[in-house]
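> this is a predicted model, with the sequence first.
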Amino acid sequence: MCTNYRFSLSEETCNTSIKNKTEVSIQPDPLELTVTPSDISVILKWKKYDGLTYTIGCNRTDEGTAIVLLSTTGKDEGTATVKNLTPFTDYLCYVTPYHDNVSCTTINQTVKTTCGYPVQPTILKRTVGKHSVSIKWSLPENKNGNFAFEIKCPDKENFNDTHDISNYTCTDIKYNEKYDIQLLAYNKCENKKFKGPPVNVTVPVNKPETFTIQMPQNNEIIISCTYSKQESEYWYSSRITKPDKTEWMKQATCTFIYKNLYYNTDYEFEVVRVNNTLVISEHATIQKTTKYNDKALIGFLAFLIVLTSLALAFVVYKIYLLQKKNSDSSDESVELIGRDEDKQLLNVEPIPADMLLDTFRRKIADEGRLFLSEFQSIPRVFSKCATKEARKNCNQSKNRYVDILPYDYNRAILSPINGEAGSEYINASFIDGYKEPKKYIAAQGPKDETMADFWRMIWEQQSSIIVMVTRCEEGNRNKCAQYWPTMVNETKNLHEFDVKLNEENRYPDYIIRKLTIKKLFTSCSAQIIKENMNNSERVVTHIQFTSWPDHGVPDDPQLLLKLRRRVNSFNNVFSGPIVVHCSAGVGRTGTYIGIDAMIEGLEAEDCVDVYGYVVRLRRQRCLMVQVEAQYILIHQALLEHYKFGETELALSELHSSLNTLKARDPPTEPSLLEAEFQRLPKPRNFQSVGQHEDNTNKNRYSTVVPYDYNRVLIKLEDEMSQDTDHEEDTEDSSDEESDDEDSTKYINASYINGYWSKRSLIAAQGPLPNTIEDFWHMIFQKKAKVIVMLTDCKEGDKDYCASYWGDEKTLYGEIEVEVTDCNKASGYTVRAIEIRHTKGKETRKIYQYYYHMWSGLDLPEGSQELVAMIKSIKQKIPSKSAHDNSKQDKNVPLVVHCNDGATRTGIFCALWNLMNSAETEGVVDVFQTVKALRKQRPGLLTSFEHYMFLYDVIANTFPVQNGKVKSSSAQAEDTIEVVNEQQAEQAGMKEQPEDNQPGKQEPVKSSPADASPDSAEQKKESEESK
């Protein structure tokens, strides 16, 4: 027993008596500790002694983490359970007895917890081949035992054991089947497997490919596709869109024969793979046009030859009667007995605003099957709505497409001209808005022969806004006639109207034109002319959206939201309907109208019924919102608007709005600006190439690795040398879509979209000693003219960038580099560098702008020097309009780097785009600019201080006084006037000054050092360019 005993000793003599007392502790017998482990706990047992307390605990042997329990006194055997341990981990467990707070001998024992259940793996990537499927997954940090995976491939009975790997390939599988691959993590201990739940990977079915189109006859089309033996078990289904209806055909083989089609007619075919009547693959779309009816023409000529001259009069008379009969009967609409379209509609509930995100995720899952189901249930054409007027002979030539015709009941009707047949017809339909009847007119793109009718409709409906959602030509196909004059020919005469172009402002995604339409009166009555003199002219705003791709829909719904803001800024409640047109006046037109109306409904009712409104659109014009992608785009735009709102600010309102955004009310709550920053999404994307083991030594930081989709590709040296002899004949372009990744090598750099064009900037890390050669190859191949360096080579004791230039001529791989001049400005240094490929004769001049007011700081010392440097760079790289088709200097990227190519580089790229927007449009949208940049490279603008810095720099660069934005340069006279667009329209504002035209930079007066490191060379270059 560990107990204190008291003993007394005495010694006595005749004269004295001595007594001593002492206390002695006696140790107990051994505790006989027994430890029983499980996966997350251990049970300790020991022999107890009366009068003692105990401390029990377990410590991890690798980390020293302790878990301690306290026990009370007791008798018999002691038991304690130590919980919350980590499976498959070594612990040192102990028991220490105490008596009167004095510890006795501690007994301990080392034990290892048993295996536990593994953590479920996360699927990172899947790659589908014709006869194989590869998956890649993440390995957990805590494996909880002898960790391994079981993976079950399709059509296999057993699982294959895999060990500490993160990828697997299933082979010998059927092509074009929906597969479920089961991935199961387990721990094997003591002949027992602890299995976690399986992870299923579903592999989609590929759409049919490699089509062959044959035309045995001019009105017969045979469509077939090749397929392998493994694919023969599928059925194939094809849908053809005819002028009057849509038909489906199902075949056991991928061969479809369509006979008796209309001559000289455009047809669209959709082919899918099906299984048990269910669509299991994406649609493959084919378009084909039938030929003229040459047999009928030959028969008619033969008929004329056979007839004798005696019967000629009789024949002519009969033909006349027959033509008259056909003309009369053609005005009658042949109505086929069809199905009731209303019965196929679904009951889709309106979506509350706070459920938009969840609803979108649910419907887009599984390749968007719910969206597809909804969209396909909406009839393409409501056959009960007659189209007699559009089918008349006198009107058929006015229709751009034979199968897209306005319904009679709501078509836009023109005033008839002197009883001329068909003079009141135009292919356009009235469309209801969210609450307002006939808010829009959806029209086809005017043809050459219908331009006058189009302007007559604008005049008669008193429309003041035209929204054009197409280009005149796309993919070498005519989409719309140019029905307005050019700046060269400012006036266009169209019968009874003169159309004049007053001004034309070009922006990256749209063009705004101010037009004046003047009605010409041909009557000789002076009274009529006098009465109409004051109403003979009207101003029309023409907004043309130019960023809709030839195929598909815009990647970013924000583009259409921005277009909507521009249109609404010009809208006048006293004007007539907004005229919206594309080519056919149904697909893109319906999409824009759907977005505009549904946002209005969302703001009014806090919920939205997209499905119901698209059905309503189809009842007013066939095929409105023509494809599923457009239907999904409407939902994306609504979700974007609801989540992020409108964050664009006019420069004239920036200063007052910024004070409101920064204010804290109450002080304990975050400001509106902080809340805005917190709403920024955190995008994720694949970084497999940069994280590959062959490339990790080329990354300065493992946290900043370019995304796969927009990383910069540089050609291998042998590939590059083959192109060197033809450099002068090639475009100055940085487009890498045609590059084969097998013939390229990796560099830590990403393409960044600029304000005027995509991929106009390159964000790169500071070169490492082993990547300087790759860096110069990138500069040479991408034909870059300016490099922006935002870091010192070394800051403090940290290496931020290798010195990739020398004092003398230096060879980096096959690129010869020589610094020819160096000049300093306030806050930055400009170096002139000449580079040359050793296998070529051409020498190029590169300007390096080295900003040296950021060293060791989170933000630069002052914004004025940074802004001045940006303006100087713009003189080296003139802004290129998004609509400029010239090859010279097209898409020549500006290369920007700091240490990681993200922290300081992100601020520079944001300022570059924001200043372009401010100078061109007089507005900035910091939120959307930062949001777009963060999608393109990790690590960009992650700090609120950086976010607020952008607002402050723009506000300081463009000070406001009396409604005008004063230029921050030394030229006090260079100002940008900011006016209300609606007031400008009502006041009939004339053409803006030439120096404020988009795409033109205001001259910046600066010192010679600011403009160029070599004034003599600059002058020489200027003379050569002339």
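Here it is on my side, so go on.

> mind listing what residue 835 touches?
Contact analysis of residue 835 by Cβ atoms under 8 Å, 6 or more residues apart in numbering lists 776, 779, 780, 815, 816, 817, 818, 843, 844, 846. From N, CA and C alone the C-beta is placed, and that goes for glycine too.

> one more time with 10 Å
If you count contacts by Cβ atoms under 10 Å, 6 or more residues apart in numbering, residue 835 has them with 776, 779-780, 784, 805, 812, 815-818, 842-846.

> list phi and psi for it.
phi -130, psi 150 (degrees, to the nearest 10).

> in the sheet, who's paired with it?
With DSSP bridges as the criterion, residue 835 is bridged to residue 817, residue 844.

> ok, so what distance separates it from residue 778?
The gap separating residue 835 from residue 778 is 11 Å, by Cβ to Cβ, to the nearest Å.

> then residue 913?
From residue 913 across to residue 778, the span is 22 Å (Cβ to Cβ).

> out of the contacts of residue 835, who's nearest residue 268?
residue 784 (43.7 Å; Cβ to Cβ).

> for the residue lying closest to that closest one once chain neighbours are set aside, name its beta-bridge partners.
Spatially, and ignoring its direct neighbours in sequence, residue 784 is nearest to residue 895 (4.8 Å; Cβ to Cβ, 6 or more residues apart in numbering). Note on residue 895: beta-bridge partners by DSSP bridges are residue 762, residue 787.

> in the stretch 901-1026 of the chain, which spans are strands?
For the stretch 901-1026 of the chain, the strands defined by DSSP state E, counting those that start in this stretch cover 923-924, 960-961, 964-966, 975-977.

> which of those strands sits most buried?
strand 923-924 (a mean of 22; mean count of other Cβ atoms under 10 Å).

> my guess is residue 844 contacts residue 776, does it?
No - counting by Cβ atoms under 10 Å, residue 844 sits too far from residue 776 to count as a contact (11.1 Å).

> residues shared between the contacts of these two?
Contacts common to residue 844 and residue 776, judged by Cβ under 10 Å, 6+ apart, are 833, 835, 837.

> now do the buried residues in whichever strand or helix holds the first one.
Under the criterion of DSSP states H and E, residue 833 resides in strand 828-837. Counting neighbours by 16 or more other Cβ atoms under 10 Å, one finds that the buried residues in strand 828-837 are 828, 829, 830, 831, 832, 833, 835, 836, 837.

> picking that back up, joint contacts of residue 835 and residue 778?
Joint contacts of residue 835 and residue 778 (Cβ under 10 Å, 6+ apart) are 784, 815.

> burial of residue 391, as a residue count?
Counted by other Cβ atoms under 10 Å, the residues lying close to residue 391 total 20.

> swap that for residue 922, please
Residue 922 is flanked by 18 other residues according to other Cβ under 10 Å.

> I figured it hits residue 958, correct?
Yes - with contact defined as Cβ under 10 Å, residue 922 reaches residue 958; the gap is 8.9 Å.

> and residue 948, how far is that from residue 658?
According to Cβ to Cβ, residue 948 and residue 658 sit 9 Å apart.

> typed the wrong thing, it's residue 962
Between residue 962 and residue 658 the computed distance is 19 Å (Cβ to Cβ).

> between the two, which one's more packed in?
Between residue 962 and residue 658, residue 658 has the larger neighbour count (other Cβ under 10 Å), namely 18 against 6.

> what residues does the host helix or strand of the more buried one touch?
Assessed by DSSP H and E, residue 658 sits inside helix 651-662. Contacts of helix 651-662 with the rest of the structure, by Cβ under 10 Å, 6+ apart, involve 647, 649-650, 671-676, 917-919, 921-924, 926, 948, 951-952, 954-960, 962-965, 976-980.

> looking at this protein, which helix or strand is least sure?
Lowest on mean pLDDT, DSSP states H and E among the helices and strands of the chain sits strand 975-977, with a mean of 34.

> contacts for the longest helix seen in the chain next, please.
Longest helix in the chain, counting residues (DSSP state H): helix 356-377. Helix 356-377 has contacts (Cβ under 10 Å, 6+ apart) with 202, 204-205, 239, 279-283, 341, 344-346, 348-349, 351-352, 355, 602, 607-608, 610-611, 614-615, 625, 627-632, 635-636, 638-643.

> give the buried residues for it.
Applying a neighbour-count criterion of 16+ other Cβ under 10 Å, one finds 356, 359, 360, 363, 368, 371, 372, 374, 375 buried in helix 356-377.

> now stretch 134-153
By 16+ other Cβ under 10 Å, the buried positions in stretch 134-153 come out as 135-137, 143-153.

> can you dump the C-alpha atoms of it in PDB for me?
Extracted in PDB, the C-alpha atoms of stretch 134-153 (Å, rounded to 0.1, in the frame of the first residue of the first chain):
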ATOM      1  CA  SER A 134     -10.200   5.700 -66.400                       C
ATOM      2  CA  ILE A 135     -11.000   7.300 -63.100                       C
ATOM      3  CA  LYS A 136      -8.800   9.300 -60.800                       C
ATOM      4  CA  TRP A 137      -9.500   9.900 -57.100                       C
ATOM      5  CA  SER A 138      -8.100  11.500 -54.000                       C
ATOM      6  CA  LEU A 139      -6.200   9.700 -51.300                       C
ATOM      7  CA  PRO A 140      -7.400  10.500 -47.700                       C
ATOM      8  CA  GLU A 141      -5.000  12.000 -45.200                       C
ATOM      9  CA  ASN A 142      -6.100   9.600 -42.400                       C
ATOM     10  CA  LYS A 143      -6.200   6.100 -43.800                       C
ATOM     11  CA  ASN A 144      -7.200   4.500 -40.500                       C
ATOM     12  CA  GLY A 145      -5.500   1.200 -41.200                       C
ATOM     13  CA  ASN A 146      -3.900  -1.000 -44.000                       C
ATOM     14  CA  PHE A 147      -5.600   1.200 -46.600                       C
ATOM     15  CA  ALA A 148      -6.600  -0.100 -50.000                       C
ATOM     16  CA  PHE A 149      -9.300   0.100 -52.600                       C
ATOM     17  CA  GLU A 150     -11.500  -2.300 -54.400                       C
ATOM     18  CA  ILE A 151     -12.800  -1.300 -57.800                       C
ATOM     19  CA  LYS A 152     -15.400  -3.100 -59.800                       C
ATOM     20  CA  CYS A 153     -15.400  -2.500 -63.500                       C
END
